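Undergrad: Have a look; sequence and predicted model below, questions after that.
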Amino acid sequence: MVKTEGELLAILEAEAMGDACFTHILDYIRPGMTEIQVAEEIERTLAALGSEGLAFPTICVSGEHTSQLHGVPSDKVIVEGDLLTMDFGGIVRGYCGDMTRTIGIGHLHDEQIEIYDIVLRAQMAGLAACRAGVSCFDVDRVCRDIITRAGYGKYFVHGTGHGVGREVHESPTLNAKSEEILEAHMPVTVEPGIYIPGKFGARIEDLAIITDFGIINAARSEKELIII
C-alpha cells in the first residue's frame, strides 16, 4: 500500500498523461458523436502520449447511461443536455493512473447542476480530510455525510476510493467498512458519485498521494463544472 518514490513518480506521470488526454478530449467532443467514438479517442490519445496500455477499460457514458456505475461505452449518440462521464487511465512503467471527470454538453438543467455541485463539494471535502493517520472510514464518512445531508445518500452506491499501483484497484479501501489507516506515500483515489436510476449521474475522481500534511493531488484537470 505504501509506495516508493520511484513508484509514486510513475503514478504521477500516468496521472499527468490523463490530464493531457482530458485537455485534448474537451476540444474533440462534439454533439452527434457516439460514446464509443469518444472512448476510442481517449484510448488513442493515451497511446500517443506513451501509455503502455490501459489501466482498465475506458468508461465513457452519457445521458441516462451516466446513472450506471460501470457503464460500457455504446453507440448512444451524445446530445445537448447530456452529462458525460469519462473514467480512464494510462500506465507508466507498470503503474496505473485513474481519473474521472463529468462534463455537460451544450446546456444542463438545474437538477443536473445541483447534483454535480453536491458531488464536487463531497469530493473536495474528502480530499481535504486525507492525511497520514486518518482512517479510511473517516474519509468515506466525510464524503458520504455531505451527499446524505443533501438528500441523495441512497444514490451514492460505492466506496469513496481505493489504492492504486500496478493494479488500478488495490488496498487500502476507503469505504464505510474499512479499518485501514492512511499512511504517507499511499496513493488513493477520492471519487464520490451520485447515480439516479433512469435519469443521470455524476462522479469526480482524483488520485491523491497521502502525506503527513495532507495530499499531493496527482490530477490537475479542472473540476468546476465544464459545459462544452
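TA: Yes, it's here. Numbers count the residues shown, from 1 in each chain.

Undergrad: Next up, the contacts around the residue in the chain sticking out farthest from the centre.
TA: Taking CA atoms, centre = their mean, the residue of the chain most remote from its mean C-alpha position is Gly32, at 24.3 Å. Contact analysis of Gly32 by CB atoms under 8 Å, 6 or more residues apart in numbering lists Val77, Ile78, Val79. Bear in mind the C-beta positions are built from the backbone N, C-alpha and C, glycine included.

Undergrad: For it, which three-state class applies?
TA: When classified by DSSP: H, G, I helix; E, B strand; the rest coil, Gly32 comes out as coil.

Undergrad: returning to what we had before: from the contacts of Gly32, which would you call buried?
TA: Ile78 (16 or more other CB atoms under 10 Å).

Undergrad: Make CSV from the contacts of Gly32 and add distance to Val142 to it.
TA: Output for the contacts of Gly32, formatted as CSV (distance: CB to CB, whole Å):
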residue, distance to Val142
Val77, 38
Ile78, 33
Val79, 35
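
Undergrad: Asp19: which of the contacts of Gly32 is nearest?
TA: Nearest to Asp19 among the contacts of Gly32 is Ile78, at 21.7 Å by CB to CB.

Undergrad: Please enumerate the helices of the chain.
TA: Using DSSP state H, the helices of the chain run over 5-28, 35-48, 110-129, 136-149.

Undergrad: can you redo the ones you listed as a markdown table with mean neighbour count?
TA: Output for the helices of the chain, formatted as a markdown table (neighbours: other CB atoms under 10 Å):
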| stretch | mean neighbour count |
| --- | --- |
| helix 5-28 | 19 |
| helix 35-48 | 19 |
| helix 110-129 | 19 |
| helix 136-149 | 20 |
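
Undergrad: Throw those helices into JSON lines and include mean pLDDT and distance to Glu205, thanks.
TA: Shown next, in JSON lines, are the helices of the chain (pLDDT from 0 to 100; distance: least, CB to CB, whole Å):
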{"stretch": "helix 5-28", "mean pLDDT": "98", "distance to Glu205": "10"}
{"stretch": "helix 35-48", "mean pLDDT": "98", "distance to Glu205": "15"}
{"stretch": "helix 110-129", "mean pLDDT": "98", "distance to Glu205": "8"}
{"stretch": "helix 136-149", "mean pLDDT": "98", "distance to Glu205": "12"}
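
Undergrad: any chance of those in CSV, with distance to Leu54 too?
TA: What follows is the helices of the chain, written out as CSV (distance: least, CB to CB, whole Å):
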stretch, distance to Leu54
helix 5-28, 11
helix 35-48, 6
helix 110-129, 23
helix 136-149, 26
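
Undergrad: so which of the ones you listed gets nearest Gly201?
TA: helix 110-129 (7.7 Å).

Undergrad: Find out how far the closest one is from the centre of the chain, if you would.
TA: Relative to the mean C-alpha coordinate of its chain, helix 110-129 is positioned 12 Å out (CA atoms, centre = their mean, to the nearest Å).

Undergrad: which outside residues touch it?
TA: So helix 110-129 is contacted by 83, 102, 104, 108, 138-140, 142-144, 146-147, 150, 152, 160-161, 174, 190-194, 196, 200-206, 208, 214-215, 217, 223-225 (CB under 8 Å, 6+ apart).
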